[in-house]
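Visitor: Fold the stuff below for me.
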Amino acid sequence: MDIKVIDENRSPIECVVSLSAEETAVLARGAWIRMARLLKTDDEHVREKVDAMFTRREKAQAVAGIVMANAAHQAFDTLGVTFLLTPQFVVPDEWDEDQAISFTTRAFPVPDMELDLESPIAVGEDETPEEAARRALRQRLHGTMPQALLDEAVRERREEFRGELASKGQTYREYRIEHGVKPAEVEERLEAEARKTLEEDIALDLAFMRKGLEATEDDEFAALSRLKPGSEIELKREFLETGHACLLRQEARRGAAVRWAVENLVQ
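Guide: Below you'll find the predicted structure:
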């Protein structure tokens, strides 16, 4: 893999990632294994089944998306960039997994903001120590958050919200009628949720980095349990197969930061 950084002093950081044909084929193989499992078929028949069920563009989006996600995450790991959200890139409509590829990806590094990591944390009424740690560190975060980072967080929250509605079989209009809200009110709520989550993530990432913490396997398992109790193994496989192992690492390191705060700051 070849990585060329466009501007390391810019946020988001952009780089061009180039994979040889052999490297592309290795990552594509993992994508096909996932497709075979989802379609309940074997390696021998998965391509035939995909050709029958998907358009050429849909197949490219499915396979190339996983290949590029894995490559982007590996690139930023190689560069030593601790990033928020997920790396962004454009998936092509046409895809040839036997060829070398090159694409541009970007990611938002954790911004350098002020954070009090010394003052004790009091547990409020109806709070667990972990909840108090998350709340207090978020509230202690001060400084300027890059607008582009917030915009990206809001965009991801919108996509997540649309997915939530789709999983319930509910349209956006039906949601607004049920809750009696206007489009502007929905947008305001989604932006507030995105900002709150982003502030907490930045605070925990800064605590993790500045205290020189390390995420353990227990932190990873705890993160999986928080996200999907009882289905930890299946969820980890989903993270790995879709090229989103970085999201699991993010959750694990933030869990480690909460654990540190509980042990050292919470009274």
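Visitor: to the chain's geometric centre, what's the distance from stretch 149-162?
Guide: Distance of stretch 149-162 from its chain centroid, counting by C-alpha atoms, centre = their mean, to the nearest Å, is 11 Å.
Visitor: Quick check: which ranges of the chain have low pLDDT?
Guide: Filtered on pLDDT under 70, the chain yields no residues whatsoever.
Visitor: can you pull out the helices in it?
Guide: 21-38, 46-53, 56-79, 129-139, 147-167, 172-179, 183-210, 217-227, 232-241, 245-264 (DSSP state H).
Visitor: Pipe those helices into a markdown table and attach mean neighbour count per row.
Guide: For every residue, glycine as well, the C-beta is placed using N, CA and C. Putting the helices of the chain into a markdown table (neighbours: other C-beta atoms under 10 Å) gives the following:
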| stretch | mean neighbour count |
| --- | --- |
| helix 21-38 | 16 |
| helix 46-53 | 13 |
| helix 56-79 | 19 |
| helix 129-139 | 19 |
| helix 147-167 | 14 |
| helix 172-179 | 12 |
| helix 183-210 | 17 |
| helix 217-227 | 17 |
| helix 232-241 | 15 |
| helix 245-264 | 20 |
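Visitor: wait, what's in contact with Tyr175?
Guide: Each residue near Tyr175 by C-beta atoms under 8 Å, 6 or more residues apart in numbering is listed here: Leu165, Val186.
Visitor: coming back round to it: nearest to Asp93 among the helices of the chain would be which one?
Guide: Closest approach to Asp93 among those (C-beta to C-beta): helix 56-79, 4.9 Å.
Visitor: Off-centre distance for that closest one?
Guide: With C-alpha atoms, centre = their mean, you get 14 Å for helix 56-79.
Visitor: Also stretch 89-100?
Guide: For stretch 89-100, the distance to the chain centre is 22 Å (C-alpha atoms, centre = their mean).
Visitor: Could you give the separation between the terminal residues of that stretch?
Guide: 17 Å (C-alpha to C-alpha, to the nearest Å).
Visitor: Please enumerate residues in contact with it?
Guide: Under C-beta under 8 Å, 6+ apart, the answer for stretch 89-100 is 18-21, 24-25, 28, 56-57, 59-61, 63-65, 67-69, 72, 103-106.
Visitor: so which of the helices of the chain comes closest to Asp7?
Guide: Nearest of the helices of the chain (C-beta to C-beta): helix 56-79, 12.6 Å.
Visitor: follow-up on the earlier one: got TSV for the helices of the chain, with distance to Val90 too?
Guide: Below are the helices of the chain laid out as TSV (distance: least, C-beta to C-beta, whole Å):
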stretch	distance to Val90
helix 21-38	16
helix 46-53	22
helix 56-79	9
helix 129-139	33
helix 147-167	14
helix 172-179	25
helix 183-210	22
helix 217-227	28
helix 232-241	21
helix 245-264	18
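Visitor: Quick one: closest of those to Ala122.
Guide: Nearest to Ala122, of these and by C-beta to C-beta, is helix 129-139 at 7.1 Å.
Visitor: CA atoms only: put the closest one into CSV for me.
Guide: What follows is helix 129-139, C-alpha atoms only, in CSV (Å, rounded to 0.1, in the frame of the first residue of the first chain):
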residue,chain,number,x,y,z
PRO,A,129,-20.2,6.3,37.9
GLU,A,130,-19.7,5.7,34.2
GLU,A,131,-22.5,8.1,33.2
ALA,A,132,-21.1,10.7,35.6
ALA,A,133,-17.6,10.4,34.0
ARG,A,134,-19.0,10.7,30.5
ARG,A,135,-21.2,13.7,31.4
ALA,A,136,-18.5,15.5,33.3
LEU,A,137,-15.7,15.1,30.7
ARG,A,138,-18.1,16.3,28.0
GLN,A,139,-19.0,19.4,30.0
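Visitor: Can you check what angle separates that helix from helix 183-210?
Guide: Put simply, helix 129-139 runs at 100 degrees to helix 183-210, going by axes from the mean of the first three to the mean of the last three C-alpha atoms, to 10 degrees.
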